[in-house]
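[1] Sequence unavailable; structure follows:
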């Protein structure tokens, strides 16, 4: 017994000692097959493998003594294979089914986190903090990898499964002049530049709550300080400025109208808006003519390597594009879109229809009493008919004859049409509206040398708006409807100009920009009222023009720590004012350390054209703004002084941005700001805006959450308004605004959920309302308004969500990239008024309520204010949308 135990013990000890015995090895670029044969000859180990798995592998190891257990990890590292020791005498060699790599900067060799990596146009992921990425469970033996990251050249590379994770270098774009400080400032595709501007790239834009397409006008509303009062795509307010105070450019074409269907939908084709730069403050001196924000949109300027195209259909329109390289130096872009609501009305369209074609609700006075309006013309989709359509076409030609020159020619055409009719009592009302934009631009960029470049741009822009309102009544009492009244409102703008800019790099840290701008604007307004029965016509027409000459210059000094200071000045002369204006500007950002940056911007700006609100000759009372040129008399020049400052914190996945601002605006009028109560006299005033924008964003792998808050305190001063406090809330004074959004990406799925809240818009309350009987026995409601903007509408909030799914569709030897999406606006269907407008007219009444014969010589104090209509505009109800998208 003892002998047998001794034998077993001796055998086990010998086995352990044998397996731990060290081998002497030395390999120099030896095939893996040779290495395995050598190891098998020196040990009792047997390797099991498929020949094709080890065929291309080689090993290099210096001479050394090593155990089997220490040798196997070295073989795994050099081959990318798996060596699994299943027993003391057998090792199975298998291939890893992953593709991996490390993305690094070609110059600094530092890792690039959050780069977008796509394999076979199918699955997309982002690199981690170390620049590492991997795709698991790959079915094929190789994968076509595309790597993109803002500020770097895109890279395409083919990797094989089982290969070691190699380093992949990305080169900086030579054309990048403004460094990006925060990537994914709000979400992917929305970044913050060093000068404080926001860069938006629609191709990199992540999923957003309530959206199924990367609409620029809707996407930028996620940025604190940018919002709308009416949920539209065009009523964009930037830090308290009204929509007409924003300069909007598309391929350097100046636009005066940017929406369809009363601004609910953006006229910017998602395929045709490659990039956009948005300024909330710190505006470059090269921009002028507006006193609020800048939205500069580009359709792109790259020549594709092969033909690209795409198609999209959602709940409102069909859309397509194609980009064709005619040669290595020439390319043509073409984009087209059309709505189909005039053929089929989807639930998406019907929800917008309910919002737009409902103009009434319960109106109350300040004591809560319901206002009974006998003359109110209220309509909704059930009592009215509408026929709506829009279409747009964009095209671009790109020429790059050599490395020093680049030429592009871009054109656009948009058209929006609406026909509406409503029968109320014995009256038929017919409305029609057509708006259109035409534009053309030519852009030439020349690079003289590495330190000097020039840019010359010429553009033509035309905007046309034609509105007609027909009122058909039985005026003679014979039971026959006659055309009783025709109201026409026409607004035409022709704008053409050119701009030359020269940029010089004085030293590595200094840049000087000089430029000249010339433009001519012709603006025509026609307002007419015709009574065909009595052959009476009231008409007014104004045709004005303005020639602008401007010179501007900027000096930029870049600190070694990535800070900068930019000083600029713009000198401009407007012929319509016959005045010479000076607009100084300064913008500073300075890093305190790697995490904190302080910033400030000061600027003065002027605006020679603005919109007035005109209600008298419209029935729908939407898009009732007319552009007017300033004459410094009836329509004064708009001007503003602005200062802002704050601090930016950025560390790893956390962004915090706090920015406070103060504005003073001069040149406002009672006809340009949309007061809810009627103000008969043209009065001039000014405004002050105090605000704070706060953004907090954090990211965990594929999950992002961001929250934005804006505080605004907007006050108006109109000294000549009767019974009005010296200061009162501005018409767009939304004191508190808050948004929180979440996005999550799981392989081919993307999810987004967002909630927004804001306080209500200021309105003027009705203090009293009394029904009197006039001489014709008709009711006349005499109204007495309270203090201007002393009340507010209910608070607004809604919950939105979106879902996107990426798919591939095989078509012969080609793979089409597809996407399905669903979105839901206002999930809990909370509908509240967003705006309220009173229509009233002064009429003479005696003490007994009987109309006085004749109004000649009557003063406003002798007339009673008769309330005829209360127009209410409501928020969207529950609004679903869907999209199907293909691209190649």
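    Cool, the structure landed. Only a predicted model underlies this, so the values are computations on that prediction, with no experimental measurement involved.
[2] partner residues bridging residue 867?
    Residue 867 has the following beta-bridge partners by DSSP bridges: residue 840.
[3] count of neighbours near it?
    Using other C-beta atoms under 10 Å, residue 867 has 24 neighbouring residues. The C-beta positions use only the backbone N, C-alpha and C, and glycine is treated the same way.
[4] centre of the chain versus the strand ranked longest in the chain, how much separation?
    Longest strand in the chain by number of residues (criterion: DSSP state E): strand 482-507. Strand 482-507 has its C-alpha centroid displaced from the chain centroid by 22 Å (C-alpha atoms, centre = their mean, to the nearest Å).
[5] So what are the sheet partners of that strand and their directions?
    Using DSSP bridges, the strands paired with strand 482-507 are strand 452-473 (antiparallel), strand 510-531 (antiparallel).
[6] Let's have those in CSV, adding distance to residue 252.
    Converted to CSV, the strands paired with strand 482-507 look like this (distance: least, C-beta to C-beta, whole Å):
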stretch, distance to residue 252
strand 452-473, 5
strand 510-531, 11
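[7] quick one: which of those is nearest residue 879?
    With C-beta to C-beta as the criterion, residue 879 lies closest to strand 452-473 of the strands paired with strand 482-507, at 26.4 Å.
[8] so how far is that closest one off the chain centroid?
    Put simply, strand 452-473 sits 21 Å off its chain's centre (C-alpha atoms, centre = their mean).
[9] Show me which positions of it end up buried.
    By neighbour count on 16 or more other C-beta atoms under 10 Å, the buried set for strand 452-473 is 453, 455, 457-465, 467-473.
[10] With mean pLDDT and distance to residue 822 added, can I get the strands paired with strand 482-507 in TSV?
    Formatted as TSV, these follow (pLDDT from 0 to 100; distance: least, C-beta to C-beta, whole Å):
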stretch	mean pLDDT	distance to residue 822
strand 452-473	93	35
strand 510-531	94	43
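[11] What about residue 562? Give its phi and psi, please.
    With angles defined as degrees, to the nearest 10, residue 562 sits at phi 80, psi 20.
[12] Also residue 349?
    The phi/psi pair for residue 349 (degrees, to the nearest 10) is phi -60, psi -40.
[13] same question, residue 218
    Per-residue torsions, residue 218: phi -80, psi -40 (degrees, to the nearest 10).
[14] try the one 4 residues further on
    Here is the backbone geometry of residue 222 (degrees, to the nearest 10): phi -80, psi -10.
[15] who touches it in this structure?
    Listed by C-beta atoms under 8 Å, 6 or more residues apart in numbering, the contact partners of residue 222 are 186, 187, 190, 208, 706, 708, 739, 741.
[16] where does the stretch 301-450 of the chain have low pLDDT?
    Across the stretch 301-450 of the chain, the ranges flagged by pLDDT under 70 are 374-377, 425.
[17] Ok, the stretch 751-888 of the chain next?
    Applying pLDDT under 70 to the stretch 751-888 of the chain flags the ranges 774-778, 812-813, 845-862.
[18] same thing but at 50, please
    Along the stretch 751-888 of the chain, the parts satisfying pLDDT under 50 run over 851-860.
[19] how about the helices in the chain?
    2-19, 32-42, 51-54, 68-79, 216-219, 347-356 (DSSP state H).
[20] What is the last one packed up against?
    Right, helix 347-356. Other helices and strands packing on helix 347-356, by 3 or more C-beta pairs under 8 Å, 6 or more residues apart in numbering; DSSP states H and E, are strand 879-887.
[21] Who does the strand it packs on pair with, and is each partner parallel or antiparallel?
    Strand 879-887 has these partner strands in its sheet, going by DSSP bridges: strand 308-314 (antiparallel), strand 814-825 (antiparallel).
[22] Find out how far that strand is from the centre of the chain, if you would.
    Using C-alpha atoms, centre = their mean, the offset of strand 879-887 from its chain centre is 18 Å.
[23] and if you look at stretch 351-370?
    Between the mean C-alpha location of stretch 351-370 and the chain-wide mean there is a distance of 30 Å, by C-alpha atoms, centre = their mean.
[24] how far does it stretch from start to finish?
    In stretch 351-370, first residue to last residue: 27 Å (C-alpha to C-alpha, to the nearest Å).
[25] and if you look at stretch 661-681?
    For stretch 661-681, the first-to-last residue distance is 32 Å (C-alpha to C-alpha).
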